[in-house]
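# Quick one, structure for this:
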Amino acid sequence: MLEGRHREALALATETLEASRRRGEVTPRLPLLERLVGYALHQGRDTTEAAKHFEESLRRAREQSSRFDEALALKALADCGIDPSARGAADQLLASLGIVSAPRIPLP
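Numbers count the residues shown, from 1 in each chain. Sure, this is the predicted structure:
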């Protein structure tokens, strides 16, 4: 995905996410996988579906009390223009964790 190969990223992340769901896993990687699927979809210009995965990433992050994943989900929502108002909350959470910058994902 960082190399612009969103189709490959989407296939791999979706496959891994679906396998985790089938096994009933509740792991810290679920918010990450949801975000990866969201970014890959957004890179493929499917913002509607991407938004669903970013929201699910946010829900799972909050459910697991993962402030880092919550911040990255909020950042994704803001960066992709789905919820620009999420930028402040993302920046605030990242700062509270001592994180001064997060990777920029290539976006269309």
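
# For the rest of this, base every contact and every neighbour count on C-alpha atoms.
Fine.

# How is Gly81 classified with respect to secondary structure?
With DSSP: H, G, I helix; E, B strand; the rest coil as the basis, Gly81 sits in coil.

# Next, count neighbours for it.
14 (other Cα atoms under 10 Å).

# go on, Val100?
Neighbours of Val100 under the rule other Cα under 10 Å: 9.

# That one and Ala76, how far apart?
16 Å (Cα to Cα, to the nearest Å).

# okay, stretch 38-45 in PDB with CA atoms only?
Presented in PDB, the C-alpha positions along stretch 38-45 are these (Å, rounded to 0.1, in the frame of the first residue of the first chain):
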ATOM      1  CA  GLY A  38      -9.700   1.100   4.400                       C
ATOM      2  CA  TYR A  39      -6.600   2.800   3.000                       C
ATOM      3  CA  ALA A  40      -6.400   0.300   0.100                       C
ATOM      4  CA  LEU A  41     -10.000   0.900  -0.800                       C
ATOM      5  CA  HIS A  42      -9.500   4.600  -0.600                       C
ATOM      6  CA  GLN A  43      -6.400   4.400  -2.900                       C
ATOM      7  CA  GLY A  44      -8.700   2.500  -5.300                       C
ATOM      8  CA  ARG A  45     -11.100   5.500  -5.000                       C
END
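
# Now do the buried residues in that stretch.
Gly38, Tyr39, Ala40, Leu41, His42, Gln43, Gly44 (16 or more other Cα atoms under 10 Å).

# contacting residues around it?
With Cα atoms under 8 Å, 6 or more residues apart in numbering as the contact definition, stretch 38-45 has outside contacts at 1, 4, 6-7, 9-10, 47, 49-54, 76, 80, 105-108.
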